[in-house]
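Peer 1: Turn this into a structure:
(one chain, ligands or ions: 1)
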Amino acid sequence: MRLPAVLACLALVLSTVTVGAQRVVGYYGKTAGQCPDYPSFAPAKLPYELYTHLNFAFVMINDDGVVEMQHPEDEALYKELNALKLKKPSLKTTLTVGGWDMDMAHYSTMVSTPANRQKFIQSAMTYVRKYGFDGMDFDWDPSDKLRGGHSNDPENFVAFLKEMREAANKEKLKEGQERMILSIALPGGPFHGQYFNIPKLAQHVDWFNIMAYNLHGQWEDMVYCAAPLYDTAAHTKYNGYSVDNATKAMVPKSVSPMKFNLGLSLSGVTFTLKDKKKTSPGSPAQGPGREGCQEKGAMAYFEARKLADSLQIADVKSRAPDHFHRTVTQEPKMDPVGKCMYMVVNEDQWVGYDNPETFAMKMEYLSEVGFGGVSIWSMDSDSANHELTKSIHSSLSENFIQGAGLSKAGSGLATLDEGEQETTNGAASAKTIAGCAVKVMAAVALSIMLLA
Ligand SMILES: *[C@@H]1O[C@H](CO)[C@@H](O)[C@H](O)[C@H]1NC(C)=O
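Peer 2: Purely as a prediction, here's the structure:
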């Protein structure tokens with residue numbers, strides 16, 4: 001065994017230690033309104049080094065069945081977002097088709113005939129390249145009757161993705177271009193999952209983002225975290241909504257879990273308590289919590305964090321209320337089943353949220369399941385120092401480096417960036433790496449013997 005071969009192997013092993021989880025996808029969507037604490041959300045200010053992919057949310061399908069910009073000011077944002085690739089060449093960007101402003105019946109119509117599909121596909125390919133993106137992400141609940149869905153949406157969606165993939169494969173690439181990335185955002189509630197033919201869709205998309213958040217909220221009359229890890233409402237009418245339930249409902253045995261990213265939300269949920277004395281998860285609620293930086297019923301992490309931090313001031317009277325006259329009246333506790341935080345603000349405002357500690361548990365779950373990464377909605381809700389995103393990042397690296405049985409040397413952000421690999425090659429490269437690892441160990445053993 002020659003040294004150069006061993007070194008090449010060593011480089012390969014080191015460069016792919018994070019082969020387990022490699023994608024950190026960030027959704028660029030505005031969820032927090034204007035408030036004094038709102039961190040700058042200009043694309044140029046994004047912590048792009050923490051992400052492998054950025055999804056611009058959203059673009060729409062218009063009345064003519066082709067791609068259309070949502071707001072005229074988006075064009076400038078596209079430019080600013082894609083300019084980040086000059087600073088980080090491995091960064092990829094995609095456009096997410098969907099959103100609350102779009103008439104979702106257009107999705108149904110678009111996928112319903114071969115002619116409609118081709119018309120959209122051609123417009124999409126042109127649009128993506130025109131603005132310097134690398135692919136498209138599709139956010140739609142097929143057969144959602146409340147939003148104009150049809151019963152044949154599921155099979156038409158498969159036909160659409162198949163044809164979109166064929167068009168992407170046929171595209172004449174310019175220098176430096178790669179094949180387009182195609183992904184799907186999947187709902188995290190078990191209910192809509194039945195309308196996705198995941199094994200078939202998986203043949204045509206690069207990955208799925210499971211939106212395992214906003215699972216509980218203001219439409220319910222009991223307080224629960226929006227994204228519990230396990231089914232904390234198991235014995236109620238709201239059972240079946242958790243990260244674990246979403247995972248089990250969405251990831252079929254026949255599809256590699258590496259094809260999935262676990263969706264994480266940087267926003268918490270708020271409720272108004274019915275009885276100030278009943279605050280544990282499952283207590284009665286009477287509607288959403290009052291509005292803060294986000295709309296009623298939601299709270300950005302940077303708000304929750306600031307409120308919780310004020311508790312560090314020992315003297316209660318010195319704790320200043322925030323901009324919305326809020327102070328914490330019951331300190332944060334962890335939901336023992338949901339593995340998420342909850343606290344009470346101004347006596348009757350219940351807040352459920354995730355922090356670095358609970359995200360670490362989600363990351364552990366992610367590594368057990370073998371997911372290919374995370375998708376984060378939405379990047380604008382983190383604290384100004386990106387605390388939550390950084391915590392996701394470091395738990396990801398830690399879990400997977402430990403999982404690979406290697407030392408932590410060389411871990412961290414750079415490794416995650418450079419370790420990025422095509423998921424479709426996952427199985428083959430894992431084999432090569434295993435082979436290499438054996439070679440490296442043999443070489444190390446041999447040199448120890450020679451030195452002794
Ligand atoms: C949710 O998960 C729990 C725990 O694994 C399980 O008992 C329950 O049946 C699941 N609910 C649904 C609706 O899948």
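
Peer 1: Show me the protein divided up by domain.
Peer 2: Structurally, the chain divides into domains by automatic domain parsing as follows: 21-266+355-414, 416-452.

Peer 1: Considering these, which stretch scores lowest in mean pLDDT?
Peer 2: For the domains of the chain, the weakest mean pLDDT is recorded on domain 416-452, namely a mean of 45.

Peer 1: ok, so what distance separates the closest residue to residue 377 other than its chain neighbours from residue 81?
Peer 2: Here the nearest residue to residue 377 in space, its sequence neighbours aside, is residue 27; by CB to CB, 6 or more residues apart in numbering that works out to 4.6 Å. The way it works is simple: take the backbone N, C-alpha and C, and place the C-beta from them, glycine included. Separation of residue 27 from residue 81 (CB to CB, to the nearest Å): 12 Å.

Peer 1: shared neighbours, these two?
Peer 2: Between them, residue 27 and residue 81 share these contacting residues under CB atoms under 8 Å, 6 or more residues apart in numbering: residue 54.

Peer 1: surely residue 26 meets residue 54?
Peer 2: Yes: checked against CB atoms under 8 Å, the pair residue 26 and residue 54 is within contact range at 5.1 Å.

Peer 1: any shared contact partners between these two?
Peer 2: Contacts common to residue 26 and residue 54, judged by CB under 8 Å, 6+ apart, are 46, 379.

Peer 1: and whichever residue of the stretch 201-350 of the chain sits closest to the ligand, how many neighbours?
Peer 2: As assessed by CB to the nearest ligand atom, the ligand sits closest to residue 240 within the stretch 201-350 of the chain, at 2.7 Å. By other CB atoms under 10 Å, the residues close to residue 240 number 16.

Peer 1: Skip the chain neighbours and tell me the closest residue to it.
Peer 2: residue 190 is the one closest to residue 240 (CB to CB, 6+ apart), at 5.3 Å.

Peer 1: Residue 284 versus residue 136, what's the distance?
Peer 2: For residue 136, the distance to residue 284 under the criterion CB to CB works out to 43 Å.

Peer 1: Three-state assignment for residue 85, please.
Peer 2: Classification of residue 85 using DSSP: H, G, I helix; E, B strand; the rest coil returns helix.

Peer 1: Tally up the residues packed near it, please.
Peer 2: Residue neighbour count, defined by other CB under 10 Å, stands at 17 for residue 85.

Peer 1: So residue 331 sits against residue 343, correct?
Peer 2: Yes: between residue 331 and residue 343 there is a contact under CB under 8 Å: 6.2 Å.

Peer 1: on that earlier part again, contact partners for the residue nearest to residue 377?
Peer 2: With contact set as CB under 8 Å, 6+ apart, residue 27 has these partners: 54, 55, 57, 96, 375, 376, 377, 378, 379.

Peer 1: Just the ones of the residues you listed in helices?
Peer 2: In this view, the contacts of residue 27 have no member that belongs to helices under DSSP state H.

Peer 1: Now do the helices in the stretch 251-400 of the chain.
Peer 2: According to DSSP state H, counting those that start in this stretch, the stretch 251-400 of the chain carries its helices in the segments 301-309, 356-369, 387-403.

Peer 1: Tell me which other helices or strands the second one touches.
Peer 2: Think helix 356-369. Under the contact definition 3 or more CB pairs under 8 Å, 6 or more residues apart in numbering; DSSP states H and E, helix 356-369 sits against helix 243-250, strand 260-265, helix 387-403.

Peer 1: which helices and strands does the second one pack with?
Peer 2: If I follow you right, that is strand 260-265. Using 3+ CB pairs under 8 Å, 6+ apart as the contact criterion, the neighbours of strand 260-265 among helices and strands are strand 207-211, helix 243-250, helix 356-369, strand 373-377.

Peer 1: Turn the ones you listed into a markdown table, columns for mean neighbour count.
Peer 2: Converted to a markdown table, the helices and strands packed on strand 260-265 look like this (neighbours: other CB atoms under 10 Å):
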| stretch | mean neighbour count |
| --- | --- |
| strand 207-211 | 26 |
| helix 243-250 | 21 |
| helix 356-369 | 19 |
| strand 373-377 | 26 |
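
Peer 1: Please list all residues in contact with residue 200.
Peer 2: Taking CB under 8 Å, 6+ apart, one finds residue 158 in contact with residue 200.
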